[in-house]
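Student: Mind folding the following:
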Amino acid sequence: MGFFDSFAPPIPPQRPRRPRLPPWRGPQRNILPVALPVDVLLIRNETKAVYVNGFDVYPYGFAFTVTTVVHTPGSDAVRRQPVPFPRTANPFAGLSPRGGEPPTPEEIEQAFRVGVRYSDGRACEVEGRGRRSGETRPPEQPLVSLTSGHGSESEWTQGLWVWGIPATGDLELTYRWPAEQARESLVLLDGDLLRDAAAHAVTLWDEPQDEGDGDARG
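Tutor: Numbering: from 1, shown residues only. You can find the predicted model right below:
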């Protein structure tokens with residue numbers, strides 16, 4: 001008899017079931033999205049470059065990433081002490097609470113700002129990090145939310161989620177970063193391309209809808 005045969009098998013810990021993320025807060029795992037070949041350089045100066053790519057379109061919205069790369073001319077120094085929150089490379093740092101403290105008005109004003117606008121005039125700026133507890137009804141469209149992000153002092157990749165695909169017209173992605181002297185500019189996204197991609201996203205399996213889940217074609 002082996003050593004472990006004399007013991008009862010371990011009982012795995014019971015983990016509470018995480019509530020399903022509502023579709024207005026992020027992509028659903030039962031959908032295979034359609035990837036779009038969209039790569040746009042937003043900002044480039046002597047110290048930073050910002051670009052967007054990784055567009056995945058779902059039936060009710062789309063996800064994409066904003067990547068910031070930091071360049072320090074003439075310096076080969078390597079910082080060996082990691083920072084707990086890489087505010088150097090994260091353009092959204094001025095929008096996210098740190099240590100329970102809300103950002104100051106100055107930080108918000110100088111932070112990277114991004115939002116979307118439909119052709120009918122409806123618009124939304126990106127919301128800060130975090131989910132709202134107890135949400136049961138879909139918000140007005142569009143809604144732009146931060147999702148997961150990762151990086152270091154020299155590079156940061158941040159996911160964003162846009163709830164709602166316009167039923168007609170194109171979509172404007174507007175941005176600015178005052179701290180980097182980047183004035184307000186926009187990227188025009190082809191609405192027909194978005195709608196066609198949304199129609200070809202594949203539902204892998206059916207999942208029960210939570211109360212309040214609704215159509216995101218606005």
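Student: tell me the contacts of Leu189?
Tutor: If a contact means Cβ atoms under 8 Å, 6 or more residues apart in numbering, then Leu189 has 38, 170-173 as its contacts. Where you see a C-beta, it was placed from the backbone N, CA and C, and this is true even at glycine.
Student: and with 10 Å instead?
Tutor: 36, 38, 40, 55, 62, 64, 116, 162, 166, 170-173 (Cβ atoms under 10 Å, 6 or more residues apart in numbering).
Student: so it bridges to which residues?
Tutor: For Leu189, the beta-bridge partners are Leu171 (DSSP bridges).
Student: now do Leu146
Tutor: Taking DSSP bridges as the rule, Leu146 bridges to Leu160.
Student: Was I right to think it contacts Val162?
Tutor: No: counting by Cβ atoms under 10 Å, Leu146 stays clear of Val162, with 11.4 Å between them.
Student: what touches both of those two?
Tutor: Common contact partners of Leu146 and Val162 (Cβ under 10 Å, 6+ apart): Val126.
Student: Of the two, give the one with the bigger neighbour count.
Tutor: Remark: of Leu146 and Val162, Val162 carries more neighbours, 28 against 19, as counted by other Cβ atoms under 10 Å.
Student: returning to that earlier point: pull the most distant pair out of the contacts of Leu189.
Tutor: Val40 and Pro166 (18.8 Å; Cβ to Cβ).
Student: can you tell me the helix or strand for Thr174?
Tutor: Assigned by DSSP states H and E, Thr174 belongs to strand 171-177.
Student: So which bits of that strand are buried?
Tutor: By neighbour count on 16 or more other Cβ atoms under 10 Å, the buried set for strand 171-177 is 171, 173, 175-177.
Student: what do you get for stretch 150-164?
Tutor: Buried, per 16+ other Cβ under 10 Å, within stretch 150-164: 151, 153, 155-164.
Student: Next, format those residues as CSV and append secondary structure and pLDDT.
Tutor: Compiled in CSV, those are given as follows (DSSP: H, G, I helix; E, B strand; the rest coil; pLDDT from 0 to 100):
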residue, secondary structure, pLDDT
Gly151, strand, 86
Glu153, coil, 80
Glu155, strand, 90
Trp156, strand, 91
Thr157, strand, 93
Gln158, strand, 92
Gly159, strand, 93
Leu160, strand, 94
Trp161, strand, 95
Val162, strand, 95
Trp163, strand, 94
Gly164, coil, 95
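Student: Closest to Pro12 out of those?
Tutor: Distances from Pro12 to the buried residues of stretch 150-164, taken as Cβ to Cβ, are shortest for Gly159 (30.9 Å).
Student: Identify the residue nearest that closest one in space, chain neighbours excluded?
Tutor: If the residues on either side of it in the chain are set aside, Gly159 comes closest to Thr147, at 3.8 Å by Cβ to Cβ, 6 or more residues apart in numbering.
Student: now do Val34
Tutor: Using Cβ to Cβ, 6+ apart, the nearest residue to Val34 is Ala197, at 3.9 Å.
Student: Check Leu204 too.
Tutor: Distance criterion Cβ to Cβ, 6+ apart; nearest residue to Leu204, sequence neighbours excluded, is Asn30 at 5.0 Å.
Student: do Gly115 as well
Tutor: Spatial nearest neighbour of Gly115, chain neighbours left out: Glu125 (3.8 Å); criterion: Cβ to Cβ, 6+ apart.
Student: so what's the one you found up against?
Tutor: 95, 113-117, 144, 174.
Student: Of these, which pair is most distant in space?
Tutor: Largest pairwise distance in these, by Cβ to Cβ, is 18.9 Å, between Leu95 and Arg117.
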